[in-house]
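[1] sequence first, predicted coordinates after that:
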There are 2 protein chains.
Amino acid sequence: MDRSAEALRKLGYPATRGRGEILRILAESPLPLSPKEILSRFPAPKPDASTVYRNLSLLVSLGLVRSVALHERSRRYEVAGDGAHRHRVVCKGCGRIESFQPRRCDLSRLETDLRSALGFDVTEHSLEFFGACPDCLRTEERR
Amino acid sequence: MDRSAEALRKLGYPATRGRGEILRILAESPLPLSPKEILSRFPAPKPDASTVYRNLSLLVSLGLVRSVALHERSRRYEVAGDGAHRHRVVCKGCGRIESFQPRRCDLSRLETDLRSALGFDVTEHSLEFFGACPDCLRTEERR
DNA sequence: TTGCAGATGCAATATAGTTGCAGAACAGGG
DNA sequence: CCCTGTTCTGCAACTATATTGCATCTGCAA
């Protein structure tokens, strides 16, 4: 928790165990995680759920973590710092999630349009695809 | 509630008052609405919240209504039947939401790539932009 | 090592959504 | 027009998710 501890301290926030673990857990996961999943991966002693929520919102507001909306009951989170921009595909059958990095994400043109048309200064976007994963496709065909 | 009543009955579901009103309320709104907002726009006698939830999931599963995820606590809903595909811009300052119809939404190429790369059969996508609306931009500048 | 701002645990509370059940509304058949 | 089975609705209980107040503890800078 070296780099992240540094980042936190530079921003004026103590690098507590909870924060370090959250960042580590998220960094190790290929998929965005829900608060509950994060908590379940905590080594003992597990912190209180409220601590996880509080730290997640702090990390999001500091820009170290990003939240992802996947039409689910709870939000999911992923590390934001690694510069990688990712999109998701979610299977509507089984809920399986895949991340991928677009070859080149050409929505910048659209963002410029938004600036001129609506006066909005767009800083982020999120793009999710929904459909059927290979396994569920096969099951459907069998029917 | 003529067309929608027809659509419902054709699918084998009675066109009850609740369903008709939900479709009307959603059709009249330029923005996707949360279940609570839908309920608040119901003329008296207001139905129970559970009825609204139940009808929303029915309408979604019938494809007459679509749900939109905007990084909020609750989902939002909009009519799906009008064939218009829309994206959103959300202001991170004040929460204001704007919808727009993309000139042409060219993500089909990306969807084809997903099919060949991951074997996913993509049927929908959702694209949201986040940033600062004109009003909030002005306020920020003043600081 | 000590002091203090800020973090944590715990419990209470809030918000969103779901479910079981009994009674009301409704559609179709006689 | 009425009976009958089906579906819908309201109500209340319940689950899951998230937030907050407060007393206590901890990280860290001097």
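    Looks like it arrived, so ask away. Just so we're clear, the structure is a prediction, and the values are computed from it rather than from any experiment. Numbers count the residues shown, from 1 in each chain, chains lettered A, B, ... in the order given.
[2] which intervals of chain A have sub-threshold pLDDT?
    A:1-3, A:8, A:81-83, A:104-105, A:141-143 (pLDDT under 70).
[3] can you pull the contacts of residue A:58?
    A:13, A:19 (C-beta atoms under 8 Å, 6 or more residues apart in numbering or on different chains). Quick note: C-beta positions are derived from backbone N, CA and C, even for glycine.
[4] mind redoing it with 7 Å?
    Contact analysis of residue A:58 by C-beta atoms under 7 Å, 6 or more residues apart in numbering or on different chains lists residue A:13.
[5] check which helix or strand covers it.
    helix A:49-61 (DSSP states H and E).
[6] ok, residue A:35 touching residue A:56?
    Yes - applying C-beta atoms under 7 Å, one finds residue A:35 in contact with residue A:56, separated by 6.3 Å.
[7] quick one on the thing from earlier: off-centre distance for the helix holding residue A:58?
    13 Å (C-alpha atoms, centre = their mean, to the nearest Å).
[8] then stretch A:84-97?
    11 Å.
[9] any residue of that stretch up close to chain B?
    Yes - interface with chain B: stretch A:84-97 contributes residue A:89 (C-beta under 7 Å from any C-beta of the partner chain).
[10] and residue A:123, how far from DNA strand C?
    24 Å (C-beta to the nearest atom of the strand, to the nearest Å).
[11] quick check: that residue is in a helix.
    No - secondary structure of residue A:123 (DSSP: H, G, I helix; E, B strand; the rest coil): strand, not part of a helix.
[12] can you tell me the element the nearest residue to it once chain neighbours are set aside falls in?
    Nearest residue to residue A:123 in three dimensions, chain neighbours excluded: residue B:131, at 4.6 Å (C-beta to C-beta, 6 or more residues apart in numbering or on different chains). Following DSSP H and E, one finds residue B:131 within strand B:121-132.
[13] repeat that for residue A:22.
    Secondary structure from DSSP H and E places residue A:22 in helix A:17-28.
[14] what does that helix contact?
    Applying C-beta under 7 Å, 6+ apart, the external contacts of helix A:17-28 come out as A:1, A:4-5, A:8, A:33, A:38, A:41-42, A:47, A:51-52, A:55-56, A:59, A:64-65, A:77-79.
[15] list the buried residues for that helix?
    Neighbour-count burial for helix A:17-28, counted by 16 or more other C-beta atoms under 10 Å in any protein chain shown, picks out A:18, A:19, A:20, A:21, A:22, A:23, A:24, A:25, A:26.
[16] can you narrow those residues to ones near DNA strand C?
    A:18, A:19 (C-beta under 7 Å from any atom of the strand).
[17] what's the farthest-apart pair in the buried residues of helix A:17-28?
    Using C-beta to C-beta, these reach their maximum pairwise distance at A:18 and A:26, which is 12.6 Å.
[18] which parts of chain A sit against DNA strand C?
    A:12-14, A:16-19, A:45, A:47-48, A:50-51, A:54-55, A:58, A:73.
[19] up against DNA strand D, what does chain A have?
    Checking chain A against DNA strand D by C-beta under 7 Å from any atom of the strand, the hits are A:5, A:9, A:14-17, A:34-36, A:49-50, A:53-54, A:57, A:73-75.
[20] just the buried subset of those, written out for PyMOL, thanks.
    To isolate the buried ones among those in PyMOL, judged by 16+ other C-beta under 10 Å, type:
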select buried, chain A and resi 5+15+34+35+75
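[21] can you get me a residue count around residue A:98?
    18 (other C-beta atoms under 10 Å in any protein chain shown).
[22] doesn't residue A:75 make contact with residue A:60?
    No - counting by C-beta under 7 Å, residue A:75 is not a contact partner of residue A:60; they are 9.4 Å apart.
[23] now the common contact residues for those two.
    residue A:67.
[24] now could you export just the CA positions of stretch A:87-106 as PDB?
    The C-alpha trace of stretch A:87-106 is given here as PDB (Å, rounded to 0.1, in the frame of the first residue of the first chain):
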ATOM      1  CA  HIS A  87     -16.200  -0.700 -20.700                       C
ATOM      2  CA  ARG A  88     -18.400  -3.600 -19.600                       C
ATOM      3  CA  VAL A  89     -20.500  -6.300 -21.100                       C
ATOM      4  CA  VAL A  90     -23.100  -7.700 -18.700                       C
ATOM      5  CA  CYS A  91     -25.000 -11.000 -19.400                       C
ATOM      6  CA  LYS A  92     -28.700 -10.500 -18.800                       C
ATOM      7  CA  GLY A  93     -29.000 -14.200 -18.300                       C
ATOM      8  CA  CYS A  94     -26.500 -15.100 -15.600                       C
ATOM      9  CA  GLY A  95     -25.200 -11.700 -14.500                       C
ATOM     10  CA  ARG A  96     -21.700 -12.400 -15.600                       C
ATOM     11  CA  ILE A  97     -19.600  -9.300 -16.200                       C
ATOM     12  CA  GLU A  98     -16.700  -8.900 -18.600                       C
ATOM     13  CA  SER A  99     -14.500  -5.900 -18.800                       C
ATOM     14  CA  PHE A 100     -12.700  -4.800 -21.900                       C
ATOM     15  CA  GLN A 101     -10.500  -2.000 -23.000                       C
ATOM     16  CA  PRO A 102     -11.800  -0.400 -26.200                       C
ATOM     17  CA  ARG A 103      -9.200  -0.300 -28.900                       C
ATOM     18  CA  ARG A 104      -9.700   3.400 -29.000                       C
ATOM     19  CA  CYS A 105     -12.600   5.000 -27.300                       C
ATOM     20  CA  ASP A 106     -13.900   7.500 -29.700                       C
END
